[in-house]
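In: sequence first, predicted model second:
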Amino acid sequence: MSIASPDLDSLSAHSARRRIWGWWAFDWASQPYFTLGLTFVFGPYFAAVATEAFMAQGLAEQVADARAQSLWSLGQTVSGVIIALCAPILGAFADNTGRRMPWIVLFSAFYVLGALGMWVLLPDGSYLMLALLAFGIGLIGAEFTTIFTNSMLPELGDDGAIGKLSGNGFAWGYLGGVLALFIMLIFFAEGESGKTFVGLDPALGLDPAMREGTRFVGPFTAIWYVVFMIPFFLWLREVPRPATHARFGAALEELWGTVKSLPKRTSLFAYLGSSMFYRDALNALYGFGGTYAVLVLNWSITQVGVFGIVGAITAALATWIGGKLDARLGPKPVIIGSILVLIGVCLVVVGMTRESLWGLALTEGSAVPDITFYICGALIGGAGGVLQSASRSMMCRHALAGRPTEAFGLYALSGKATAFLGPALIGITTWVTESARLGMVPLIGLFVLGLILIIWVRAEGEVRG
């Protein structure tokens, strides 16, 4: 059953198509924060700088690696807790007031300011905590804008179209991310030689000795977002919806009523629980994939960037195909298949070092770990992208008519209520074992929990009305 607003039916086919392209523009504009910031450029750079800073304090390299990973996990943990506490309340309030665009503008400002703040992290470790704070602010902005834009998806098509629209949106997002990564690697991010991936000096006269090319990832991400959000604001006009209440108190009351009803809505309750665990594991895998490559395999930022390109290209292709499978089969089997692939990847990652692969000794200087991790990157990108797209589609099938933002606020809550769990478990396990590799073990358990709970999720979702 479609939950699109009747007002949308009066739009011309051209206007409706422009709304869809405007909605897709957000995925294209926002993805670089995750591709460049969280995973493949700033995250590994932060880990490398933090490790050097800890070693300068007299810690052994392996212990310094563990401390750096723990600090990176702390930043994501704090941001996740803030998002978890605020997302459902803001979502309910936005539904009550009938307005989402003002919130998108507000949190877009968070995104841009946070991205700009990445620039301050100097290679000697100066402003380490300030850079982590800035990154957290930007991450909060990116996540909150996503909640409000996701809630617009049910208005763009019926259940048969939503899976395809979601998949295509993620595909565009990953294409935008990989293009932004290409530009960073070719023109800005310098390697140990001071040259970019293709042997150029960093553009704009940026100083490689101060790692200004790599640090430019922040301003570059901010500029990218501002430019490519223009189509979103021009083409995606919010469908007018009547306001019910304009008080946060009323929003809290309605939200509490929805929360109390969850045990009676078995499918939604199980889905929120399932996605809470598997998305937490996936986000942690994204967040620590690049740092794992730096800390365990001793990769350079350039190698991590190539790894990111492989994963992003695979993700773009996979989410496009996954959207078609979602439209044909529904999101549930797509979600299950993606989780199984990611469990396999985690098993490979925790059993691999420079010297061995699950106990099988490798010759010195073997390329097997590098090739294996590139394959893992492709699988993480592909399966992870499809999992996110199908999850968004499944949430639309469980959203009540007239309350889509509240639904996606709860979806964000389920994804962030334990968002600290993945990074925290990695941080604790890494601290205890003093091994960045073994720190990834808890993710397997989180994926398995998500797989078990999805048994109780109805493939067609719930009746909405």
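Out: Looks like it came in fine.
In: can you list the low-confidence ranges for the stretch 251-400 of the chain?
Out: Within the stretch 251-400 of the chain, the stretches with pLDDT under 70 are 251-252, 254-255, 287.
In: now residue 357. Its backbone dihedrals?
Out: phi -130, psi 110 (degrees, to the nearest 10).
In: make sure it is actually in contact with residue 367.
Out: No - shown here, residue 357 and residue 367 do not form a contact pair, counting by Cβ atoms under 8 Å, at 11.9 Å. Yep, even glycine has a C-beta here, placed from its N, CA and C like the rest.
In: chain center to the one helix or strand residue 66 maps to: distance?
Out: Residue 66 is part of helix 61-97 when elements are defined by DSSP states H and E. Helix 61-97 sits 12 Å away from the centroid of its parent chain (Cα atoms, centre = their mean, to the nearest Å).
In: elements contacting it?
Out: Where contact means 3 or more Cβ pairs under 8 Å, 6 or more residues apart in numbering; DSSP states H and E, helix 61-97 is packed against helix 42-56, helix 128-150, helix 248-261, helix 266-295, helix 404-416, helix 421-433.
In: what is the burial count for residue 455?
Out: 10 (other Cβ atoms under 10 Å).
In: what do you get for residue 129?
Out: Neighbour number of residue 129 under other Cβ under 10 Å is 11.
In: and it, how far from residue 430?
Out: As judged by Cβ to Cβ, to the nearest Å, residue 129 and residue 430 stand 19 Å apart.
In: winner for burial among the helices and strands packed on helix 61-97?
Out: helix 404-416 (a mean of 26; mean count of other Cβ atoms under 10 Å).
In: show the average pLDDT along that helix.
Out: Averaged across helix 404-416, the pLDDT comes to 74.
In: mind checking the SS state of the residue lying farthest from the centre of the chain?
Out: For the chain, the C-alpha farthest from the mean C-alpha position belongs to residue 363; by Cα atoms, centre = their mean, that distance is 36.0 Å. Residue 363 falls in the coil class when you classify it by DSSP: H, G, I helix; E, B strand; the rest coil.
In: I'd like the numbering to begin with 45 instead of 1 from here.
Out: New numbering, starting at 45: the last item is residue 407.
In: quick revisit: tell me which of the helices and strands packed on helix 105-141 lies nearest to residue 426.
Out: helix 310-339 (12.3 Å; Cβ to Cβ).
In: helix 310-339 and the next helix or strand after the closest one, what's the angle between them?
Out: The first helix or strand that comes after helix 310-339 along the chain, using DSSP H and E, is helix 345-373. Between helix 345-373 and helix 310-339, the angle comes out at 160 degrees (axes from the mean of the first three to the mean of the last three Cα atoms, to 10 degrees).
In: what angle do helix 345-373 and helix 86-100 make?
Out: 140 degrees.
In: could I have the helix or strand just after helix 345-373 exported to CSV, CA atoms only?
Out: Moving toward the C-terminus from helix 345-373, the next helix or strand (DSSP H and E) is helix 375-394. Taking C-alpha atoms only, helix 375-394 is exported to CSV below (Å, rounded to 0.1, in the frame of the first residue of the first chain):
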residue,chain,number,x,y,z
PRO,A,375,14.0,-6.4,1.2
LYS,A,376,14.1,-9.3,3.7
PRO,A,377,16.1,-11.9,1.7
VAL,A,378,18.4,-9.2,0.4
ILE,A,379,19.2,-8.2,4.0
ILE,A,380,19.8,-11.9,5.1
GLY,A,381,22.2,-12.5,2.2
SER,A,382,24.2,-9.3,2.8
ILE,A,383,24.7,-10.2,6.5
LEU,A,384,26.0,-13.7,5.6
VAL,A,385,28.6,-12.2,3.3
LEU,A,386,29.7,-9.7,5.9
ILE,A,387,30.1,-12.4,8.6
GLY,A,388,32.4,-14.3,6.1
VAL,A,389,34.5,-11.1,5.6
CYS,A,390,34.9,-10.6,9.4
LEU,A,391,36.1,-14.2,9.8
VAL,A,392,38.8,-13.6,7.2
VAL,A,393,39.8,-10.3,8.7
VAL,A,394,40.3,-11.5,12.3
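In: so which elements touch helix 375-394?
Out: Against helix 375-394 (3+ Cβ pairs under 8 Å, 6+ apart) you get helix 310-339, helix 345-373, helix 412-440, helix 486-497.
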